[in-house]
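[1] Need a 3D model of the sequence below.
(chains A and B)
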Amino acid sequence: MHRTKVRIVEEALDANNTIAQANRADFDRAGVRVVNLMSAPGAGKTALLERVVADLPDVRVGVLEGDVQGSMDADRLASLHVPVTQLNTDSGFGGECHLDANMVRSALPGLPLDEIDLLVIENVGNLVCPAEFRVGEDARIMVSAVTEGEEKPLKYPLMFRACELVLINKIDLLPHLDFDLDKFLYNLDAVHPGVERILVSARTGEGIEEWRDWLARAATRAEVPA
Amino acid sequence: MHELSLSGAIVNTVEKHAAGRRVSVVNMRIGALRQVVPDTLEFYFGFVSEGTVCEGARLEQELIPARLRCASCEREWEIEVPVFMCPGCGAAGRVEVASGDEFRVESIEVEEAACIAQR
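    Okay, the predicted model is just below:
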């Protein structure tokens, strides 16, 4: 027995990225644009989707709903008569806390790609892992609720840097909170200078039109910066 | 908490190159921007590698500081807090990551039986 050193020099996440590229190629072939929606649990991903998925002008939307367990969110969205596919991660080790490219790949055969223009992948609620795993999306969107505090970007830079749009949700609660919006935006710009952001309230509808327009543009854009 | 899935990614990458040989050391280069907790990664790596060629292997983690570069003024600097703004150009600077986002398997040490066919 002797020891040999083997030089590798390979990013450990390359394997995931390769599968993500294969997914993206399949989506491209089907003419479907894909966005990956990420946030901490309870920031309002599903509520923000409920507000827009059924009435995007000239855009047929499908949703791939990622959850550790259950189909509560999928049921909410299916009641709006958009095609929803549930992807549970609990077959993984104790329930994976994110979607990866391979899980999305396994869901591909069940997706009605011929019938949609835009696929929204609602990731598992988590502010760390989803940022590391591309799934084949054109753009990544993260939701940050004002109830989460203004220092969030500094605590989770990986996530706040890994997105092309930040939805700042629950702004109807601002009068009741100590949340300093200017400070949050300052922190956001420190971590991801100039990233697109929309202030929204899924509850009151404020900012929803802008959010809907952004999604409609994402669905028709030839190339979304990713 | 992402150290669990990252450990899985390490084992998968190593398995591909180990070609069935038993691995005794895995040398990683990990950038500060990956937000990896070394002890946690080591813990999960031990756990995830059970039953694979990596079982019992030592995980060596070389930590790479986060360095940014401003494409506007060509300044390069190291950061300890995640502020991606050029100290010279401010918001106008085009800041890029020079190093610190690696999560790379550099090399492995494998055990192999002495090859008698080679002289």
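
[2] Over in chain A, which residue gets nearest chain B? Let me know.
    Among the residues of chain A, residue A:157 lies closest to chain B, at 3.6 Å counting by CB to the nearest CB. Placement of C-beta: from N, CA and C, glycine included.

[3] if I pick that residue, what's in contact with it?
    Applying CB atoms under 8 Å, 6 or more residues apart in numbering or on different chains, one finds that residue A:157 lies in contact with A:191-192, B:33, B:35, B:82.

[4] can you put these in JSON lines and add neighbour count, secondary structure and distance to residue A:152?
    Formatted as JSON lines, the contacts of residue A:157 follow (neighbours: other CB atoms under 10 Å in any protein chain shown; DSSP: H, G, I helix; E, B strand; the rest coil; distance: CB to CB, whole Å):
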{"residue": "A:191", "neighbour count": "22", "secondary structure": "helix", "distance to residue A:152": "9"}
{"residue": "A:192", "neighbour count": "22", "secondary structure": "coil", "distance to residue A:152": "12"}
{"residue": "B:33", "neighbour count": "23", "secondary structure": "helix", "distance to residue A:152": "17"}
{"residue": "B:35", "neighbour count": "18", "secondary structure": "coil", "distance to residue A:152": "14"}
{"residue": "B:82", "neighbour count": "21", "secondary structure": "coil", "distance to residue A:152": "12"}
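
[5] State the pair within those that is farthest apart.
    Considering CB to CB, no two members of these lie farther apart than A:192 and B:35, which are separated by 14.8 Å.

[6] and stretch A:34-53, C-alpha only, in CSV?
    The C-alpha trace of stretch A:34-53 is given here as CSV (Å, rounded to 0.1, in the frame of the first residue of the first chain):
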residue,chain,number,x,y,z
VAL,A,34,-38.0,29.9,-15.3
VAL,A,35,-37.7,31.9,-12.1
ASN,A,36,-36.6,30.5,-8.7
LEU,A,37,-38.4,32.1,-5.8
MET,A,38,-36.5,31.9,-2.5
SER,A,39,-36.9,33.2,1.1
ALA,A,40,-37.0,32.3,4.7
PRO,A,41,-40.0,30.3,5.8
GLY,A,42,-43.1,32.6,6.2
ALA,A,43,-41.8,35.6,4.2
GLY,A,44,-44.8,35.4,1.9
LYS,A,45,-43.6,33.5,-1.3
THR,A,46,-46.9,31.7,-1.8
ALA,A,47,-49.0,34.8,-0.9
LEU,A,48,-47.1,36.9,-3.4
LEU,A,49,-47.6,34.2,-6.1
GLU,A,50,-51.4,34.0,-5.3
ARG,A,51,-51.6,37.7,-6.1
VAL,A,52,-50.2,37.4,-9.6
VAL,A,53,-50.0,33.9,-11.2
